[in-house]
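J.: Sharing a model that was predicted from the sequence below.
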There are 2 protein chains.
Amino acid sequence: MQPGVQVMKPTSAEPYLKIGDVAKKVGVSPSVIRSWESLGLARPRRTESKYRLYTADDVKLLKRARFLRKVRGLNAAAIVQLLKREGKVHPAGDGNAGAIGAHLRQLRARRRLSLAQVAQAVGISVGFLSALERSQMSGSVGTLRKLARFYKKNILDFFNASGASGRQVRPAERKVLEAGAGVRMELLAWGNTVMEPHLFRIAPEAGSGDPYAHEGEEFIYILRGDLEITLDGEEYRLKSGDSFYFESATPHRWKNPGRRETWVLWVNTPPTF
Amino acid sequence: MQPGVQVMKPTSAEPYLKIGDVAKKVGVSPSVIRSWESLGLARPRRTESKYRLYTADDVKLLKRARFLRKVRGLNAAAIVQLLKREGKVHPAGDGNAGAIGAHLRQLRARRRLSLAQVAQAVGISVGFLSALERSQMSGSVGTLRKLARFYKKNILDFFNASGASGRQVRPAERKVLEAGAGVRMELLAWGNTVMEPHLFRIAPEAGSGDPYAHEGEEFIYILRGDLEITLDGEEYRLKSGDSFYFESATPHRWKNPGRRETWVLWVNTPPTF
DNA sequence: ACAACCTTGCTATAATCCCGCAAGGTTAGA
DNA sequence: TCTAACCTTGCGGGATTATAGCAAGGTTGT
């Protein structure tokens, strides 16, 4: 059951509608109403057997959403954001479901695979995988297991480490994402965040290896030691106290040219790992 | 040349960028920047040979658009509407190009054809036809000719009657869209409008024929005579002065049951003809 | 008892979005 | 003057998203 969903019997003083009725009134299919719900648009109460119960206000909101969709051409994410700005919807935090989707997309993006490639390998449809990654549909345990196996992860990875960090993260609480050869990354905030801050600890001579590029922007601050970073063939030597801002689309590579460990505060948006 | 586009030489006091530079800074391809431009997002000046000239403000706006697209997941139509609300962009009226697209989509929708069906019949790609209908790409004369032929229209229909009406439309200025057996429809406003108001003149015993349904909502006001309208098997007899509001998704049919001509003011949204 | 609805998980298809290319023209530097 | 690297418009191919329906099983209301 989704977090925040309330199970209760409606009182006869409060007329309600079932999803089929609402679909007819609004002019979209029940499937669409359910998918909009998962984005935070209209969160109806439920009976004990989990039937959705909509109010007249819900119908009104959904009609507005339909207008924005069909007449104005806004997609669902935009509709939710607009109605959120107007205080008309209050989408719950993503919780686990949202984090799973983002995690799946990161895993796929990192391997530079298309939706079609992963979907075919795992035995699900492209549309379904897209919806999973965008947290618009939920997968069964069987499906998540297949995906975990494909990415060589443990299915528990999807449930455990997926939570969001609190605002404050003490050193012992940091999540270590990956420890490559001589490179240790400690995540300083995670969950549904737009920025992804890390603390990098880089041993002497260790680095990123070959140049790479991806989308986004990156901010670096040298806490201690030196960092050599090369963008588009141009080399920079950064020292303690230096900062550096660049676009991830520019091919770049970096390494620690010094004799002691370098510590770098590194923030990128959007999250790429 | 698009209405409102200004040809002028930039002064050396005002630094400008070409589209390739902008694409690199923003992090999308030149094609995407061009397609966003056609939606009203960033309208750069041009050199005499039509090269686009972007300012630093344009770049800033496009970066914001990219963020909204890639991080927030808003589609281009939503981004334009949001930035319009903030007074950051001022999309020009659609003019001819916009009207052609809307006209094409109406022609296709009316025949209940898919993009794929029309595209294949005409010999263009689905994506291109979609973009044409959404006024995001322009077609050559050859392409428009093929489409006109497919729909059994004159290519001039795309250029002439596509303009928008003025606010005021006198009786003699009304556009007669269709005159079926005993049914005359006079359009009272046209162009890029969300509502489509008509005056229907319906001879005795004439009507819509078989029940039909489509998307949208409809408002009717009986100016004179009677109208019999049936929704979902339920019959209504409307007289002069009566009004009627219903959802187009409900299967409906109507006819004039009286002995003299019925005049009905009929408004529907979105436009369906 | 049963028709008509609901649930979740998922598919197939329709539509949109993105980026690259062809053909031809322009720019800016060697 | 030449030429590489860019631009233009028109369009295609492929990736992604949006929509509506279905299977299997459960619920509701007459």
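T.: Alright, I've got the coordinates.
J.: show me the contacts for the closest residue to residue A:241 other than its chain neighbours.
T.: Distances taken as C-beta to C-beta, 6 or more residues apart in numbering or on different chains place residue A:222 nearest to residue A:241, at 6.5 Å, with adjacent residues excluded. Yep, even glycine has a C-beta here, placed from its N, CA and C like the rest. By C-beta atoms under 8 Å, 6 or more residues apart in numbering or on different chains, the residues touching residue A:222 are A:238, A:239, A:240, A:241, A:242, A:243, A:262, A:263, A:264, A:265.
J.: Could you export the residues you listed as JSON lines, including secondary structure?
T.: Output for the contacts of residue A:222, formatted as JSON lines (DSSP: H, G, I helix; E, B strand; the rest coil):
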{"residue": "A:238", "secondary structure": "strand"}
{"residue": "A:239", "secondary structure": "coil"}
{"residue": "A:240", "secondary structure": "coil"}
{"residue": "A:241", "secondary structure": "coil"}
{"residue": "A:242", "secondary structure": "coil"}
{"residue": "A:243", "secondary structure": "strand"}
{"residue": "A:262", "secondary structure": "strand"}
{"residue": "A:263", "secondary structure": "strand"}
{"residue": "A:264", "secondary structure": "strand"}
{"residue": "A:265", "secondary structure": "strand"}
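J.: any idea which of the residues you listed has the most stuff around it?
T.: residue A:262 (27 neighbours; other C-beta atoms under 10 Å in any protein chain shown).
J.: pLDDT score for that one?
T.: We note a pLDDT of 89 for residue A:262 in this prediction.
J.: And residue A:254, by the same measure?
T.: 85.
J.: Please point out which parts of stretch A:115-133 sit buried.
T.: Using 16 or more other C-beta atoms under 10 Å in any protein chain shown as the test for burial, stretch A:115-133 gives A:115, A:118, A:119, A:122, A:124, A:128, A:129, A:131, A:132, A:133.
J.: quick check, that stretch touching chain B?
T.: No - Stretch A:115-133 lies apart from chain B when judged by C-beta under 8 Å from any C-beta of the partner chain; the minimum separation is 11.3 Å.
J.: burial of residue A:86, as a residue count?
T.: 9.
J.: how about stretch A:78-93 as PDB, C-alpha atoms only?
T.: Provided in PDB are the C-alpha atoms of stretch A:78-93 (Å, rounded to 0.1, in the frame of the first residue of the first chain):
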ATOM      1  CA  ALA A  78       3.900  19.700 -15.900                       C
ATOM      2  CA  ILE A  79       0.300  19.500 -14.800                       C
ATOM      3  CA  VAL A  80       1.300  18.200 -11.400                       C
ATOM      4  CA  GLN A  81       3.800  21.000 -11.000                       C
ATOM      5  CA  LEU A  82       1.400  23.600 -12.000                       C
ATOM      6  CA  LEU A  83      -1.400  22.400  -9.700                       C
ATOM      7  CA  LYS A  84       1.200  22.100  -6.900                       C
ATOM      8  CA  ARG A  85       2.200  25.700  -7.400                       C
ATOM      9  CA  GLU A  86      -1.500  26.600  -7.000                       C
ATOM     10  CA  GLY A  87      -1.700  24.500  -3.800                       C
ATOM     11  CA  LYS A  88      -4.300  22.200  -5.400                       C
ATOM     12  CA  VAL A  89      -2.300  19.000  -5.100                       C
ATOM     13  CA  HIS A  90       0.200  17.900  -2.500                       C
ATOM     14  CA  PRO A  91       2.200  15.000  -4.000                       C
ATOM     15  CA  ALA A  92       3.600  12.700  -1.300                       C
ATOM     16  CA  GLY A  93       7.300  12.300  -1.200                       C
END
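J.: How about residues contacting it?
T.: By C-beta under 8 Å, 6+ apart, stretch A:78-93 touches A:2-4, A:36, A:39-43, A:61, A:64-65, A:68-69, A:74, A:164, A:192, B:72-75, B:77-79, B:81-82.
J.: ok, residue A:123 to DNA strand D distance?
T.: 16 Å (C-beta to the nearest atom of the strand, to the nearest Å).
J.: Helix, strand, or coil at the closest residue to that residue other than its chain neighbours?
T.: Counting by C-beta to C-beta, 6+ apart, residue A:123 lies nearest to residue A:146, which is 6.6 Å off, once chain neighbours are set aside. For residue A:146, the assignment made with three-state DSSP gives helix.
J.: Mind pulling up the pLDDT for residue A:146?
T.: 90.
J.: low-confidence ranges in the stretch 51-200 of chain A?
T.: Low-confidence segments of the stretch 51-200 of chain A (pLDDT under 70): A:91-98, A:159-168, A:177-180, A:190-194.
J.: any idea how far whatever helix or strand residue A:267 lives in is from the chain center?
T.: Applying DSSP states H and E as the criterion places residue A:267 in strand A:262-269. Put simply, strand A:262-269 sits 20 Å off its chain's centre (C-alpha atoms, centre = their mean, to the nearest Å).
J.: Show me what that strand packs onto, helices and strands only.
T.: strand A:196-202, strand A:217-224 (3 or more C-beta pairs under 8 Å, 6 or more residues apart in numbering or on different chains; DSSP states H and E).
J.: Give me whichever of these is most buried.
T.: strand A:196-202 (a mean of 20; mean count of other C-beta atoms under 10 Å in any protein chain shown).
J.: From residue A:129, how far off is the residue nearest to residue A:241?
T.: Distance, residue A:222 to residue A:129, by C-beta to C-beta, to the nearest Å: 40 Å.
J.: so residue A:64 sits in a strand?
T.: No - going by three-state DSSP, the assignment for residue A:64 is helix, not a strand.
J.: Kindly reformat the helices and strands packed on strand A:262-269 as JSON lines containing distance to DNA strand C.
T.: Shown next, in JSON lines, are the helices and strands packed on strand A:262-269 (distance: least, C-beta to the nearest atom of the strand, whole Å):
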{"stretch": "strand A:196-202", "distance to DNA strand C": "20"}
{"stretch": "strand A:217-224", "distance to DNA strand C": "15"}
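J.: Ok, which of the ones you listed comes nearest DNA strand D?
T.: Of all those, strand A:196-202 sits nearest to DNA strand D, with 18.7 Å by C-beta to the nearest atom of the strand.
J.: and the closest one, how far out from the chain's middle?
T.: 19 Å.
J.: No further questions, thank you.
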